[in-house]
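**Q** Dropping a prediction and its sequence here:
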Amino acid sequence: MNADLPPRQKLQRVKPMKEVSLYTRTRDRGASGEDPMVRRLAMAELKERWALLSLTLPGFILVFLVLAVPLGWLFWLSAFDSNGALTLDNYLRLLRPVYLSSFLITFQMAFCVTLVCVLLGYPLAYLLSQLPDRASQICMAFVLLPFWTSILVRTYAWLVLLQRQGVINNWLLDLGLIHEPLALVNNFFGTVVGMVHVMLPFMVLPLYDKMKNIDPLLMSAAANCGATPSQAFRQVFLRLSLPGLASGITLVFVICLGFYLTPALLGGGRVSMWSMKISDTIALYGNWGAASALGVALLVATVLILWGMRKLFGLNGQGRTD
Amino acid sequence: MFDTLKFSAVRRHLLAVAGAALIAPQVWAADPSTVTVAGYGGGLQDALIATLWKPAAEKAGLKLRTESHDGQPAVRLQVQSGKPAWDAIHIGANDCAALAKQGMLEPLDYSVIDANGVPSLARDKNWIATNSYSVVMGWRTDKFKEGPKSWKEFWDVKKFPGRRALSVAPDEMLEVALLADGVPRDQLYPLDIKRGLASLEKIKPHVAVWWTSGAQSAQLIKDGEVDLIAIWSSRVDSVVKDKAPVAYTYEDGLLGYGCMAILKGAGNVPGAQKLIANSVSAPIQARIATMMGYYGPTNSLAFEQPGVPADALSSSNMSPANRARQTLMDARWWGEHIGDVQEDYKELIAR
């Protein structure tokens, strides 16, 4: 570092030197025919690289077998009939209103649940990250506790709370706040409540992880530079926590798209999610292709949306802070 | 992973089939002394084993093995594997008709199976009904002193103001809607899809919940979430026995049935024929009236068997008196036409 540079420039981030492996360096020299010793060394390193790389082979094979092969099979089933001829029937069927409305409600539901999870999860994760260790561990246990409870039990618990003669409605009626029981369940609202309960930990955990790793000194530094607490929060803390938020949003949104049980029990039959349509279709049509097409459509739409989110906000699971 | 109750079961079956394919050559020696039946599992299966299958297998000198499936797709997987691990299945009659249409079932041998006493609507070339249930109207007695006596009255929101629940599946509900619209019982089939959907459209604003499972339907009427419900007699009966202020009637009910069939390519077809023959025989069918009172025997000769108590006879949904008040469902119609109805029905609910 040059001591004569003005201080501003000195503070600039130092870019790490591009790593150049021994192999690359020796290869370049070896190729020029400098030294046979170096060339042998280069060969040895090349061998070692491949040997190490081959250690990942079982992983690759596993991913190929359990992910790539079934997905390929899914595509095949959806696009070719039993005689092996290309057919678009299974996809054209998806243009019928019943499928379009189900597609729409699935994404609406995923969007609403994700939004509520962000609104509830962010302050919660912030609180957890600021509490002393012991208190935060205890609170975290409360966040995780529902995680270990059967989803069926949790869903029925909401039914007990939300139904017309349920705890909440009875309570409100007794207090005289309402005169008719509110429709809290067997509709879109009840489904959102049930799903948020299931999904909240998926929002809180990545957020908490990121927030816990934000150096508190950064906030002090911002204050020292004259930032008000809200400015410091917005410009420093919020920005640094964004990657956690992005992972949380991605996780919650994608998992929501595949929900089945909670909407089936709390939706009153009107919330017809895509997964239910897949299950209906398996029973309705005598071939797997019809249901496979639904699976493929959901997969493609999800990938497109995630890609769009990444393009729009520069957000992805890994996150970028710069 | 978190919400895939149904799919995990399908996946399990896929794995089972894949596993069976790998080890098949060793274990696949068809054993003529053993017959394997797969049903829906759970309490229903336990009852079917005790009431029908165990005595039926004993009488035929067969060893009984039972497994469980979770509906049509699982059965299809078994047959498509080429070597089904089950010989016979027990499933809803509409599913039987659909599976027969898809060519998944062996023909039944009616020289072995004596179908005398089983209504012709309740059997076909490839399947035969073993037990019947009713789709009835249930209501809250704390809301109505007297309940509806027909689906027409169930539809009458002036006479019976209140929240209603219907099933999310179109089979059974389309019949109910047509009866409510004034179609005479003996002219119900072939179902008029358009008229049925129009009738449903009329009641839709008063349907608070479209139930997705039998357990849910029972809970809805038990907790007073709805005041009137179209529900399976087996479910509402247990609610009444729990002393909830609920009543139901067989008046204008629908008679549906569960059936047995033999899988195409099954290892022990002759054994399965014998098992089914005994399961629908009058002496074994008579056991349903006392051991599974919430269901009825499909063989009417069961009621002429010695030792059937009078009260079991009068309370059974298939007793001559109760049968006369109800309409038999035609599973064959649904096997042919479910595809024409289901999507429009679901769209009507979602809209």
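**A** Looks like it arrived, so ask away.
**Q** any idea which helix or strand of chain A has the worst average confidence?
**A** Least confident helix or strand, chain A: helix A:7-11 with a mean of 46, by mean pLDDT, DSSP states H and E.
**Q** just the helices in the stretch 101-250 of chain B please.
**A** For the stretch 101-250 of chain B, the helices defined by DSSP state H, counting those that start in this stretch occupy B:151-155, B:170-180, B:193-203, B:214-222, B:233-241.
**Q** how about the last one: buried residues?
**A** Buried positions in helix B:233-241, judged by neighbour count with 16 or more other Cβ atoms under 10 Å in any protein chain shown: B:Ser233, B:Ser234, B:Arg235, B:Val236, B:Asp237, B:Val239, B:Val240. Yep, even glycine has a C-beta here, placed from its N, CA and C like the rest.
**Q** pLDDT and distance to chain A for those residues - can I get that in CSV?
**A** Converted to CSV, the buried residues of helix B:233-241 look like this (pLDDT from 0 to 100; distance: Cβ to the nearest Cβ, whole Å):
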residue, pLDDT, distance to chain A
B:Ser233, 93, 21
B:Ser234, 90, 20
B:Arg235, 93, 16
B:Val236, 94, 18
B:Asp237, 91, 22
B:Val239, 94, 15
B:Val240, 94, 18
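**Q** for the residue in the stretch 51-200 of chain A that chain B sits nearest to, what are its contacts?
**A** Residue nearest to chain B within the stretch 51-200 of chain A: A:Val98 (3.9 Å; Cβ to the nearest Cβ). The neighbours of A:Val98, taking Cβ atoms under 8 Å, 6 or more residues apart in numbering or on different chains as the test, are A:Lys277, B:Glu343, B:Asp344, B:Lys346, B:Glu347, B:Ala350.
**Q** ditto for A:Trp274
**A** A:Ser102, A:Phe103, A:Thr106, A:Leu257, A:Gly258, A:Leu294, A:Leu298.
**Q** again, but for A:Ala301
**A** A:Phe103, A:Phe107.
**Q** Could you tell me which residues of the stretch 201-350 of chain B lie near chain A?
**A** Proximity of the stretch 201-350 of chain B to chain A (Cβ under 8 Å from any Cβ of the partner chain) is limited to residues B:208-213, B:216, B:219, B:223-225, B:338-339, B:342-344, B:346-347, B:349-350.
**Q** Which members of the residues you listed are positioned in strands?
**A** Among these, the members falling in strands (DSSP state E) are B:Ala208, B:Val209, B:Trp210, B:Trp211.
**Q** PyMOL command to pick out the buried ones of the residues of the stretch 201-350 of chain B next to chain A?
**A** Buried residues within those, by 16+ other Cβ under 10 Å, are selected in PyMOL with:
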select buried, chain B and resi 208+209+210+211+212+216+219+223+224+225+338+342+343+344+346+347+349+350
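**Q** for B:Arg65, what are its contacts?
**A** So B:Arg65 contacts B:Thr34, B:Val35, B:Thr36, B:Val37 (Cβ under 8 Å, 6+ apart).
**Q** Around chain B, pick out the residues from the stretch 151-300 of chain A.
**A** Contact residues, the stretch 151-300 of chain A versus chain B (Cβ under 8 Å from any Cβ): A:151-152, A:159, A:163-166, A:183, A:186, A:198, A:255, A:258-262, A:264-265, A:268-270, A:272, A:275, A:279-280, A:282-286.
**Q** buried subset of those residues?
**A** Neighbour counting by 16+ other Cβ under 10 Å classes A:151, A:159, A:163-164, A:166, A:183, A:186, A:198, A:255, A:258-262, A:264-265, A:268-270, A:272, A:275, A:279-280, A:282-286 among these as buried.
**Q** B:Ala350 versus the residue of the stretch 151-300 of chain A found nearest chain B, what's the distance?
**A** The nearest approach of the stretch 151-300 of chain A to chain B comes at A:Gly269, 2.6 Å away (Cβ to the nearest Cβ). Relative to B:Ala350, A:Gly269 is positioned 9 Å away (Cβ to Cβ, to the nearest Å).
**Q** what bits of chain A have low per-residue confidence?
**A** For chain A, the stretches with pLDDT under 70 are A:1-34, A:313-322.
**Q** which residue is nearest the centroid of it?
**A** For chain A, the residue sitting closest to the mean C-alpha position, by Cα atoms, centre = their mean, is A:Leu251 at 1.6 Å.
**Q** For that one, which residues are in contact?
**A** A:Phe202, A:Met203, A:Pro206.
**Q** tell me what the stretch of helix or strand the last one belongs to is packed against?
**A** For A:Pro206, the enclosing helix or strand under DSSP states H and E is helix A:188-212. Other elements packing on helix A:188-212 under the criterion 3 or more Cβ pairs under 8 Å, 6 or more residues apart in numbering or on different chains; DSSP states H and E are helix A:97-130, helix A:133-144, helix A:151-162, helix A:239-257, helix A:261-266.
**Q** The last one - contacts with which helices or strands?
**A** On a contact count with 3+ Cβ pairs under 8 Å, 6+ apart, helix A:261-266 meets helix A:151-162, helix A:188-212.
**Q** between the contacts of B:Arg65, which is nearest chain A?
**A** Distances from chain A to these, taken by Cβ to the nearest Cβ, are shortest for B:Val37, at 20.9 Å.
**Q** Quick check: chain neighbours aside, which residue is closest to the closest one?
**A** Leaving aside its chain neighbours, B:Val37 sits nearest to B:Ala88 (4.8 Å; criterion: Cβ to Cβ, 6 or more residues apart in numbering or on different chains).
**Q** Can you verify my assumption that that neighbour contacts B:Pro270?
**A** No - contact criterion Cβ atoms under 8 Å: B:Ala88 and B:Pro270 do not qualify, at 11.6 Å.
**Q** Could you give the bridge partners of whichever residue of chain B sits closest to chain A?
**A** Distance from chain A to each residue of chain B (Cβ to the nearest Cβ) is smallest for B:Trp210, at 2.6 Å. Following DSSP bridges, B:Trp210 is listed with bridge partners B:Leu166.
**Q** Can you check the pLDDT for it?
**A** We have a pLDDT of 96 for B:Trp210.
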